Structure formats: C-alpha cells, structure tokens
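Visitor: Dropping the sequence and predicted coords here.
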Amino acid sequence: MYPSSSDDDKPLARNGNRTNGTAHKKNGIVLPETVSDSVDRQMDAEQMDIDVEDIPLASLVKDVSPAQSRGKRKARKPAIKAQESDEEVVPKGKRQKVTTNGKAKAVDDSDEDDIPLAKQRAAAPKRVTKTVVTTENYSTDSDELMVKKLTAEKHEIEKKAEETAKKLRAEDAQKKKNVAPAAAAKRKIMKKEPESDSDLPIKAKRVAKKTNGVKKEESDDEPLFKKPAAKRAAPKKTTASVKGEEQKPAAKTKGGKTKEEESPQEEEEGEDDDEFKWWEMEKNDGSTKWKTLEHNGVVFPPPYEPLPVNVKLKYDGVPVTLPLEAEEVAGFFGAMLHNSPVNTENPRFVANFFKDFQDITRSKGGAKNVAGKKVDIKTFEKCDFEDIWNYYEQKRIDKKNMSQADKKALKAERDSLEEPYLYCYLDGRKEKVGNFRIEPPGLFRGRGEHPKTGMFKTRVQPEQVTINIGKGAKIPEPPEGHKWAAVVHDPTVTWLATWKENINGNIKYVMLAATSSLKGMSDFAKFEKARELKKHIDKIRKDYEKELRDRLMEVRQRATAMYLIDRFALRAGNEKGEEEADTVGCCSLRFEHVTLELPNKVTFDFLGKDSIRYVNTVAVDAQVFKNLKIFKKEPKRDGDKLFDRLTTGDLNKHLQSYMPGLSAKVFRTYNASWTMQQELAKLDNTGTVAEKQVQYNAANRAVAILCNHQRSVTKGHETSMERTENRLKGMKYQKMRLKKMMLALEPKLKKNDPEFFAADPDIDEEWIKEHQEWLVQQEREKIEKKFKKENEKLVAEGEKELKASMLKERLKESDELSKKFKQENKTGKVEPGKGATVEKLENNVKKLEERIQALEVQMRDKEDNKTVALGTSKLNYIDPRLTVMFCKKFDVPLERVFPKTLREKFKWAIESADENWEF
DNA sequence: AATAGAACTTAGGAAAGGTGTT
DNA sequence: AACACCTTTCCTAAGTTCTATT
C-alpha cells in the first residue's frame, strides 16, 4: 500500500486499512546472520552435552504446570526499538490507530490493554491441558453407554430401512434414466476432458481478475469458453425446480457433449444414479475447477423486525426510542445479554459494541424519550437492556414451546424457500452448495482478546455480493430493487458468490458443501500429499538434524522450526497484525512462549489458533535445546520473536524444494494420520464391537491431543460427574451389603480372606446414612406413584379410589426398610434374603464388581475427554481410509464411528479402501 | 522483497436434533 | 410429552498458502 521503507507512523492509508506505523518489521531484536563458534561453544559449556534420543512423535511427556506466573504476555511488539533511531519513534502508549471509517485518533493503548489483560489472565486458564507423563491408553470411552444402548436389534431395523430406501432410490433412478437418458450420457462424457484447453484457464484468469478483486463481467471481449458453452439455452429450471432433484437443466446435457462416445459398461447400478466417482477417474490438473456452472445465487437474511413499541432500551432508567438501525444493534446485544457472558461480560466486547451503538444512534438521529426529547447516550453503564433481553428470551421460549406440528410447518416453509439454493450444477452434475445463506448482521464474535470483538457486523447488501457463474447460465435475480456488485465467470475458482465483511475486510465465499466432488477431490489430494510426504520424511529429518548446527542463523532457525513442527505438530504461525487477536504458531513464537529447563526440557505456553492455549512440556534433542537458548539469548526479552530470521514463507519455500506442494501444514496432516495408523496398529481384533469402538476413539484421542484440539467443558459436566460418582458409591454400598450377607451365612469366611471383607474406603458412614435415607425416600416415592396410578385407573374404570389409609399401610414398607438399615448400622450385620447362598452372593458380588469397574473406567474416560475435541481431527486430519480400513478389518459398522455427514463427505474413501489399506 | 489479496482449510461454540427416561 | 443429556450439524471465525502488486 505504501512504500515499505519510510512508513513510520504517519501514513494514513487512504484505504482505511491498517496503518500502524509498525507494520513493517516486527521482529524486535534480530540475531546476527551467523552463529559464531564462540556462541556455540558458550552454549555447549552451559549445557554439558546431553544426548537425548529421539523422542516419540506424539510426545508423551506433557505439560507439567501451567507456568502462568511468568512474565507479562503483554510486552508484545516492542517492535519499534530504540535501535532504529532514525525512525520517528512513536511514543509507545500513543500510537496511531485508525477506525474503520478512516478517522485516525490517538489511542492510549497501554490503558486499553491493561485492563482486559488482567482479566484475561484470570480467564485464560480455561481449558489448559493438564497432563502428566502418560503412556497408557484408556480402554474404554464415554461412548460406551451410547453404544450399549444401540441394541443389535435396533441395528437390524435401521439397516433394513436403509436398504429399502436405497432400493427405492435405485428404482426411482432407473425410471429416471428411462425418461432422461441424456443425464446418463452426459455423465459419461465427463470421463475424459478436452485436452487442448489447458491453456485456457490461465488466460481466462487474467481477463477475469484485474480491477482489484472484483472482476467485472466481461462484455464480450474474449470468450472464456472456447465453444459451445456460451450458446447453451438458459436453463429454465431456476424457478421451476421446486422439486429439485429430477429436473436437470437442459443446458447441461449440452455442456460437454461434442463427444458422443460412451462406454456403456461403466454403468453402475445399485448405487445412486447420479454418482460421480471422480476418484476412479484420471486426475484433473486442477488449474480449472469447472467448465459449466449453474446456481441460483444466495439467500439473504430476513429484514429486521422492529421491537414492539413497549419494549425499549432504558437509559438512566428512562425508556428511550432509538432509530431503527440503532435499535437493531441494541437488540443484538440485548438478545445475548445473559446468554453469552463470554461476550457481554468481556470489556472489550462491550466497549466495541457500545462505540458502534453510539455511532449509529447518533448518525441516525439520536435517541428520544417518550416526550420526544433527545437523550444523549453517553455511558454503557446507564444502559439497561433487560427488557430487550426478556423480549428475545421469551421469543426463544415460545419457539421452543411451539407444537410439533407448527414446528414442522415452519421448517417446511423454510425448506421450500431454500430449496432452489441447496444445489448447483457443476459441469452438469448436481452438487450440494455449502453456505448459501448470506451471513446475517450481528455483533462480531471475535475470539479471545480480539481487538474488534463486539463491533457491529453490518447487513450485507446485494450490491456487495459478487456472483460467479458459468457463462451463458441464467444469472440469479438479485432481490427486488437491487443489483449484484458484479457477475463474473471465473472457472479457476470454486466459489459461487463472494462479499467483503466490514469488520476485518475479510472476504467471504459461498462454496460447495463438503460432500461435493470439488471438495472431495481436494480433500483426497490433501491426504495423498500427506502420504507422499512419507517418501521424503526421512531425508527431510536427516537434513534438518544436520541443519540444526548450521552456522547460518536463518538455516538454523528454519531447521529448529521444522523440528518443532514435525515433532509437536505446531502450526506454521504466520505473522499477524495489530488488529487481530494476539495468537501465534511456530514461526511467530516469542520469547515468553518458550521456557527452558536443563538439561533438555522445553515448556511451550502460548495462545494458538482461536486463542486456544497450548501448554506442553517436552524433552527435546540437545541441539534443539541449545538453539532455543541461542534464539532467546541476551538482548532478547519478552515480546521478541524467537525465530527472528524466519517467516512461514521462507519455511514453505524450503519445503517445496523437497516435494512439490509440501508446506508446513502437511506435517500436521501427516503426523495425525500417521499417529492414527500407529495407534490402530496396536489393536487386535478382540472384544465386542462396543469395545472396539472405544479403542478407535482412544486412538482418535491420541491424535486430538497431538493436535491440541480442545473444547470447553460442557455445562452439565460437573453435575453429571457427581451423579455418576454417587451411582458408583451406591453400587459399592450394595457390594458391601452382599459381602456382609455372606458373612452372616458363613462367619468364618472373614478369616480366610480378610481383605475381601475389608471396608471400602470410598464410602464412609456418613455417606451411607445419607444414601440409606435416599433409598428409603426412593422407596416411598415409588409406592406413592404406584398408588396414584392405581387410583387413576380405578377412577377411569368408574370404581372407587383406594383409601388414603391404604397408602399409609403400604408406606410402612419403606419404614421397614429404614428400620432394617438402622439395624444393620447398629449390628454391622446384614440379613441375607431367603434362598441366598454363599455362592450366589459371591456371584452377585462379582457381577457388581464388573459393573463398578466398567463405570469407573467410563468415568475416567469422560473426565479425560472433557476438554478434548475428537471431531476436528476426524473431520480434517485423519485419513478416512484408515477408519474404513479399521472398520472392515475389525467388523465394526462404519456408522459407529462416522456419522452420516462424514460418510457422505468421505464416500470416496469408503469406496476405495479395504481392510489392508495403509496410509 | 515485502505486503496485500484471494481462496481455501481448519476450528470451536451454538443450535438443532435425537434418544432414553420419567 | 417433557425432560435431560448427548451427538450432530450449522455457523462463521481464524488459520494457511499461494498469487498479484507495489
């Protein structure tokens, strides 16, 4: 935007983009170009050679302590150091900031930062992986319960249903075929693609691009498509295609026609008719993503619905009327008031919201009281959103309480409205569109300490939306009275529509769904690339081991970063701007994020993507330890970059030299899938399906931990845990009673095996008493309920109710129980039931024992899993063919581990991997 | 060479949906 | 039939990477 040399603090970028004077170099202290021998030796001296063997990939040593007492995370970006004295140094606390409207103002950011930071520290420890050295795997999983519940019987039913459905579909398809053989024909054509237009896309691109990002619809200079495409009749379907599936626009039949050869034998049956098995075809070179593209555009959110006149914001106790635009913004805040404390209680969120709210209120005419007099809204503290909150909360409740039928009707209405947008036709194939809904306005929910969190995310107008569509295809109608920003025909990209969001200026896209062939292909390519890395990894590792000792600082830093990325699955770590949350990855690690402890322990503690904290203590290679020490040496301090001579670009460029397409993120995919394979390889085909599923999840968890995929503890976790704990104790209590019964029958048993009859330390007397009372109470309730039911029945049959005295009589039974317990407590003996034998009792004890153990494992598992998110790795990192392999090899139904959407997304994997597949 | 832009993948939380229980 | 609890899907923010521009 501006010359990189003299961009000190003054340039006030015309575009209103970030203008911070520090935008150029933020490395802070930069280490010398080479590592001198003396430095090397010095480090060696301080650190007598320790030889640490390779540590396992998914390092087992994990965080020891949160290390949160450490220095201020704040110092960040001391960027402008006194050293560069020729530069007009901006006083630290008073730097230029520019608001989105381009108005610059001095901001005292030391103040601004300090307050929230204190808070942050208090809030941060949320979800820290607390781990100790751990090598074991857990043998069970929280899913167990769920699993058990899915009885085999039910499964049968499910399966049958699915089969029938499939058959029906197939039949349906068959019919369709007969009616419209064109579809089938066209499908075949896809097989091979015109060779000769490989040069086309590039040209197309050039034409299409230019004019910074928004490509204008080319008039008729240079047709993008050489041939027929342009001529196709505009598809009629758009409005007509209410029952979507069937009608294929006539257009696409022509799409690739020209070739009439068919290979009839590849007609697949049994499968869904329209299956496009791209994974069985030759690879496309990827330079162009489609030849023809038809779709119906996007769905805009409904217009704002004003609040009822009696629902108002109160300012200083007085209800005020706001301009509609401002009311909407107030409504966003009010609606989340008690719902989303992470936001509404975050000072930064509040401040940003309030600023935008004030601005819009003022610019739209200001707030007025009932008398119509202007009210100046000055402070947030005087704003009372309760009424607004109540209004929206009530709405939510009402919605929830709607009758089943009404809910259904509502959904049907919505569905039919959206139906035209669900699918598009790409190269004539029907493909699912992903996010066709334009993002609604709201308050920006930036995560962590995002500087802009809480700002007003404005409504997107059609005038901001650019449509990408095949040339000749019918252009979707913009909403009445509006027009599109532009309509382009760019076959080199996959998006159907795009717009720019107002908060960060980020570009948003409407793209195809994960189940689409486009996404599937690139997903497939991603995993293939990771597998390709296998062939190079040895060399790469050998090289960086060597380069860890390189004299050139850049090389040494690069090697060290590669080590970290390879071993600990760190992200690349691009530079981030002043206006984004302060999070880091490998290359952007700073001084304060890494602490060293002799002989070779390294503790990472930083906020990564999504401001998720990464805490991990690991043992590293001696040379790595030494290097980190060098990178942290002397003038460096908090806020300085560790890898001051390395950028993600440098790193990726280097990686490219090993293998085309290799970049830092590939290591994450590679390591995740590799780890999964290793974990699965440990399993043998024993146990029930449920047990195997649990093992699978344990393997999955190992990967999730490697990747630091966390989740917040769910609301109910604590109570649910306590409840289970209680249940467990109850079982232990019953076990104890059983044992006492045994003794009652055969007192001398105790001598033979005193341990067996020893008291259980987990349940103390007090608890037992409480529990007994609870049991008695349960008994009472049961009796009462039964009584009530009987009465109801009697009344219904026109007979007389039972007397209350009858109930009393029955309740005596519970009194008996109470008495019995008391007796037991006193004597320490438990009367066995009739017919009990020592053997039977012992057997019961054993059974209970098993149940107890299962529950305990399950609990431990749940506890350990409470902060680990398995889904992310399953969805993005673990090659799905590993899962398919696992299921086939161990006879685990795939549905057990892949929910429907994953089965759809990974169809390519499901159909291409067998029980012997290897990553 | 640096930086901005563009396009796409990855991510956690919220909402929705399903299921067993009462 | 309402609930509580858990899983799945939706939403959109937040990364990475590659390309275009200055």
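Guide: Thanks, I have the structure now.

Visitor: right, is stretch A:317-331 up against DNA strand B?
Guide: No - Stretch A:317-331 is not in contact with DNA strand B by Cβ under 7 Å from any atom of the strand; minimum separation 13.8 Å. No exception for glycine: its C-beta is placed from N, CA and C like everyone else's.

Visitor: what mean pLDDT does that stretch have?
Guide: Across stretch A:317-331, the average pLDDT comes to 96.

Visitor: could I get that stretch in PDB with only the CA atoms?
Guide: Presented in PDB, the C-alpha positions along stretch A:317-331 are these (Å, rounded to 0.1, in the frame of the first residue of the first chain):
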ATOM      1  CA  GLY A 317     -33.900   4.400  34.000                       C
ATOM      2  CA  VAL A 318     -35.800   6.100  31.200                       C
ATOM      3  CA  PRO A 319     -37.200   4.200  28.200                       C
ATOM      4  CA  VAL A 320     -35.800   5.600  25.000                       C
ATOM      5  CA  THR A 321     -36.800   5.300  21.400                       C
ATOM      6  CA  LEU A 322     -34.000   4.500  19.100                       C
ATOM      7  CA  PRO A 323     -33.600   4.900  15.400                       C
ATOM      8  CA  LEU A 324     -34.400   1.600  13.800                       C
ATOM      9  CA  GLU A 325     -30.900   0.900  12.800                       C
ATOM     10  CA  ALA A 326     -29.600   1.600  16.300                       C
ATOM     11  CA  GLU A 327     -32.400  -0.400  17.800                       C
ATOM     12  CA  GLU A 328     -31.300  -3.400  15.800                       C
ATOM     13  CA  VAL A 329     -27.800  -3.100  17.200                       C
ATOM     14  CA  ALA A 330     -29.000  -2.700  20.700                       C
ATOM     15  CA  GLY A 331     -31.200  -5.700  20.000                       C
END
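
Visitor: Show me which residues of the stretch 401-550 of chain A sit near DNA strand B.
Guide: Counting by Cβ under 7 Å from any atom of the strand, the positions of the stretch 401-550 of chain A adjacent to DNA strand B are A:411, A:490, A:492-495, A:498, A:505, A:507, A:509, A:511, A:519, A:522-523, A:526.

Visitor: The residues you listed in helices, which ones?
Guide: Of those, the ones assigned to helices by DSSP state H are A:Lys411, A:Lys519, A:Ser522, A:Asp523, A:Lys526.

Visitor: Please list all residues in contact with the second one.
Guide: Residues in contact with A:Lys519 (Cβ atoms under 8 Å, 6 or more residues apart in numbering) are A:Met511, A:Leu512, A:Ala513, A:Lys905.

Visitor: out of those residues, who's nearest DNA strand C?
Guide: Using Cβ to the nearest atom of the strand, A:Ala513 comes nearest to DNA strand C of those, at 7.7 Å.

Visitor: Spit out the contact partners of the closest one.
Guide: Neighbour list for A:Ala513: A:Glu431, A:Lys432, A:Val433, A:Gly434, A:Lys519 [criterion: Cβ under 8 Å, 6+ apart].

Visitor: ok so, going back, what is the nearest of the ones in helices among the residues of the stretch 401-550 of chain A next to DNA strand B to DNA strand B?
Guide: Distances from DNA strand B to those, taken by Cβ to the nearest atom of the strand, are shortest for A:Ser522, at 3.5 Å.

Visitor: count of neighbours near the closest one?
Guide: 13 (other Cβ atoms under 10 Å).

Visitor: distance of it from A:Trp279?
Guide: 12 Å (Cβ to Cβ, to the nearest Å).

Visitor: hmm, back to that, need the ones in helices among the residues of the stretch 401-550 of chain A next to DNA strand B in a markdown table with distance to A:Leu662 and pLDDT, can you?
Guide: Putting those into a markdown table (distance: Cβ to Cβ, whole Å; pLDDT from 0 to 100) gives the following:
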| residue | distance to A:Leu662 | pLDDT |
| --- | --- | --- |
| A:Lys411 | 46 | 83 |
| A:Lys519 | 22 | 92 |
| A:Ser522 | 16 | 91 |
| A:Asp523 | 17 | 92 |
| A:Lys526 | 12 | 94 |
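
Visitor: Up against DNA strand B, what does the stretch 251-400 of chain A have?
Guide: Residues of the stretch 251-400 of chain A lying close to DNA strand B (Cβ under 7 Å from any atom of the strand) are A:Lys289, A:Asn339, A:Ser340, A:Val342.

Visitor: what's the farthest-apart pair in those?
Guide: A:Lys289 and A:Asn339 (40.3 Å; Cβ to Cβ).

Visitor: Neighbour count: the two, which is higher?
Guide: Taking other Cβ under 10 Å, A:Lys289 and A:Asn339 do not tie; A:Lys289 has more neighbours (20 against 13).

Visitor: Burial check on the nearest residue to the more buried one once chain neighbours are set aside, number of neighbours?
Guide: Once flanking residues are discounted, A:Lys289 sits nearest to A:Thr494: 5.0 Å by Cβ to Cβ, 6 or more residues apart in numbering. Using other Cβ under 10 Å, A:Thr494 is surrounded by 19 other residues.

Visitor: now do the one 3 residues further on
Guide: A total of 24 residues lie near A:Ala497 under the criterion other Cβ under 10 Å.

Visitor: Settle this for me: it is touching A:Asn468, isn't it.
Guide: Yes - under the contact definition of Cβ atoms under 8 Å, A:Ala497 touches A:Asn468, with a separation of 6.7 Å.

Visitor: ok, back up a step: of the ones in helices among the residues of the stretch 401-550 of chain A next to DNA strand B, which is the nearest to DNA strand C?
Guide: So of those, ranked by how close each gets to DNA strand C (Cβ to the nearest atom of the strand), first place is A:Lys526, at 10.4 Å.

Visitor: And what about A:Lys750, helix, strand or coil?
Guide: Secondary structure assignment for A:Lys750 (DSSP: H, G, I helix; E, B strand; the rest coil): helix.

Visitor: I figured it hits A:Ala759, correct?
Guide: No - using Cβ under 8 Å, A:Lys750 is not in contact with A:Ala759, being 11.9 Å away.

Visitor: Name the residue in the two with the higher neighbour count.
Guide: A:Lys750 (14 against 11).

Visitor: so what pLDDT did the residue nearest to A:His489 when sequence neighbours are not counted get?
Guide: Excluding its sequence neighbours, the residue lying closest to A:His489 (Cβ to Cβ, 6+ apart) is A:Lys471, at 4.3 Å. On pLDDT, A:Lys471 comes in at 91.

Visitor: sorry, back to before: between the contacts of A:Lys519, which is closest to A:Phe604?
Guide: A:Lys905 (32.3 Å).

Visitor: count of neighbours near that closest one?
Guide: For A:Lys905, the count of nearby residues is 21 (other Cβ under 10 Å).

Visitor: So for it, what's the nearest residue that isn't a sequence neighbour?
Guide: Spatial nearest neighbour of A:Lys905, excluding adjacent residues (Cβ to Cβ, 6+ apart): A:Ala514 at 4.5 Å.

Visitor: who touches that neighbour in this structure?
Guide: The contact partners of A:Ala514, by Cβ under 8 Å, 6+ apart, come to A:Gly434, A:Gly520, A:Asp523, A:Thr901, A:Glu904, A:Lys905.
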